[in-house]
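**Student:** sequence unknown, structure follows:
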């Protein structure tokens with residue numbers, strides 16, 4: 001299993017950034033301008049020795065490649081931006097790396113297939129890059145759309161494939177079984193993915209590969225991808241944020257997010273689960289952002305060493321780490337002035353020692369699966385109960401439509417005195433239905449005391465039960481067990497409500 005880190009190619013000047021967010025903007029600007037927003041908030045993140053590199057310079061890649069080799073990072077998963085009609089942005093670092101053959105940096109691409117928009121845009125699933133630095137809305141007709149994502153047809157897919165082919169053929173490009181690895185950041189939004197992937201696989205085979213190894217991020221439809229990646233922390237963070245009240249700045253606990261990620265990894269045995277060094281998008285979002293507080297190399301190492309063990313036990317080819325250099329979101333393996341190389345050292349330690357945790361992981365997984373099995377049994381019982389309710393009420397309404405009363409059905413069976421077992425929803429409906437009829441309710445059997453006045457006694461199943469023509473069991477989903485219990489107490493003619501409604 002290899003360790004890959006997500007790699008942001010943003011750290012160089014481009015005309016679009018100048019236009020949208022100010023002259024000279026890169027993610028370094030957001031990182032430098034960040035301020036702490038609460039007590040103990042770690043901002044700004046300052047690179048070790050204040051090394052604010054430029055990714056158009058070869059020395060930047062040489063330095064990164066040296067760190068990778070030293071601390072056991074097997075490759076970089078570089079974000080790739082390809083939009084409608086082949087429009088690109090931030091492509092130059094990867095193109096320069098392709099030309100610098102002497103730099104030992106294995107890599108693959110993650111297609112960040114989102115439109116880029118300003119925060120007021122109505123476009124769904126888009127990337128709002130830096131709303132703190134957005135220019136004001138021009139007018140009501142300003143859609144906020146900066147770069148539009150559309151997938152086109154076979155001609156467009158071919159153009160995209162042809163651009164990538166030179167990278168795929170590079171000896172450093174990461175492959176599985178002679179298939180170039182290509183991550184799809186939002187696979188579920190690529191409506192043409194089934195047809196596009198068929199074309200790409202066919203063209204790849206024409207070029208001497210055995211196809212493309214597609215990894216879908218959080219994409220459960222595995223029929224159109226080869227593998228699924230749940231990235232940290234996004235795979236659990238959105239749910240955790242949804243559990244919080246209020247608006248404005250949201251703060252989560254780092255270890256709590258890691259615990260959720262580990263639990264996710266156990267449950268998603270057929271998928272890759274990713275690690276994360278931290279998360280804090282307040283450099284880009286300000287007090288509208290989210291900060292995962294309490295990040296430390298020690299907690300990172302504790303989580304990563306177990307996650308590597310889980311992913312390897314699950315036969316996953318990679319563990320992805322968020323991120324190598326997301327300085328504007330507080331996610332970076334690259335050293336900073338606070339922690340130095342401690343996060344990289346944690347990767348090195350975890351890679352060397354994770355197999356020591358195999359037994360612990362297997363025991364935990366067995367316990368979780370056992371608990372999951374118990375939960376499934378409980379859910380199945382609930383489903384059975386509600387299916388029973390649905391059948392009963394449906395049949396009851398059909399009889400009502402035919403003007404047939406339950407009392408008529410009981411008299412047809414020569415039943416005039418009844419005991420109702422169960423005073424839940426169905427039991428209460430039965431009491432109302434029998435009101436004013438010739439059927440006498442002798443008593444009811446229920447574990448709960450009735451607070452309202454119902455005109456007959458409610459007894460416990462262990463009390464002395466009076467005689468009646470029949471006991472009508474309203475929780476029919478458990479009829480077999482109830483009938484057996486009552487028969488052991490000497491009662492006869494025990495009938496489920498479903499049988500009576502027939």
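**Tutor:** In hand now; what should we look at? Since we're looking at a predicted model, the values are computed, not measured.
**Student:** what segments of the stretch 401-502 of the chain are strands?
**Tutor:** Taking DSSP state E, counting those that start in this stretch as the criterion, the stretch 401-502 of the chain carries its strands at 417-421, 440-445, 458-459, 470-473, 494-496.
**Student:** among those strands, which is nearest residue 250?
**Tutor:** With Cβ to Cβ as the measure, strand 458-459 is the member of these nearest residue 250 (49.0 Å). The C-beta positions use only the backbone N, C-alpha and C, and glycine is treated the same way.
**Student:** so how far is that closest one off the chain centroid?
**Tutor:** Computed by Cα atoms, centre = their mean, to the nearest Å, the separation of strand 458-459 from the middle of its chain amounts to 48 Å.
**Student:** who's in contact with that strand?
**Tutor:** For strand 458-459, the external contacting residues (Cβ atoms under 8 Å, 6 or more residues apart in numbering) are 423, 443-446, 449-450, 465.
**Student:** pairing partners for that strand, with directions?
**Tutor:** Pairing partners of strand 458-459, with direction, according to DSSP bridges: strand 440-445 (parallel).
**Student:** tell me the angle the partner strand makes with strand 417-421.
**Tutor:** Between strand 440-445 and strand 417-421, the angle formed by their directions is 20 degrees, by axes from the mean of the first three to the mean of the last three Cα atoms, to 10 degrees.
**Student:** and the contacts of strand 440-445?
**Tutor:** Around strand 440-445, the neighbours that count as contacts under Cβ under 8 Å, 6+ apart are 416-423, 427, 431, 434, 450, 454-461, 465-468, 471.
**Student:** kindly report the same for stretch 409-421.
**Tutor:** 399, 427, 430-431, 434, 438-446, 465-475, 482, 486, 493-494, 500-502.
**Student:** of these, select the buried ones using a PyMOL command.
**Tutor:** Selecting only the buried entries of the contacts of stretch 409-421 in PyMOL, with 16 or more other Cβ atoms under 10 Å as the criterion:
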select buried, resi 399+427+430+431+434+439+441+442+443+444+445+446+465+468+469+470+471+472+473+474+475+482+486+494+500+501
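**Student:** for the closest residue to residue 133 other than its chain neighbours, grab the count of nearby residues.
**Tutor:** Closest residue in space to residue 133, ignoring its immediate chain neighbours: residue 21 at 4.1 Å, by Cβ to Cβ, 6 or more residues apart in numbering. Using other Cβ atoms under 10 Å as the criterion, residue 21 is surrounded by 20 other residues.
**Student:** now residue 21. Its backbone dihedrals?
**Tutor:** Main-chain torsions, residue 21, degrees, to the nearest 10: phi -130, psi 10.
**Student:** just checking, it touches residue 128?
**Tutor:** No. Counting by Cβ atoms under 8 Å, no contact exists between residue 21 and residue 128, whose distance comes to 11.8 Å.
**Student:** any regions of the stretch 1-150 of the chain where pLDDT drops low?
**Tutor:** Of all residues in the stretch 1-150 of the chain, none has pLDDT under 70.
**Student:** do the chain as well
**Tutor:** Within the chain, the set of residues satisfying pLDDT under 70 comprises 220-222.
**Student:** got the contact list for stretch 201-214?
**Tutor:** With Cβ under 8 Å, 6+ apart as the criterion, stretch 201-214 contacts 158, 161, 165, 168-169, 175-184, 187, 197, 200, 224-227.
**Student:** the strands of the stretch 401-502 of the chain into JSON lines, with extra columns for distance to residue 395?
**Tutor:** As requested, the strands of the stretch 401-502 of the chain are arranged in JSON lines below (distance: least, Cβ to Cβ, whole Å):
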{"stretch": "strand 417-421", "distance to residue 395": "18"}
{"stretch": "strand 440-445", "distance to residue 395": "21"}
{"stretch": "strand 458-459", "distance to residue 395": "26"}
{"stretch": "strand 470-473", "distance to residue 395": "14"}
{"stretch": "strand 494-496", "distance to residue 395": "12"}
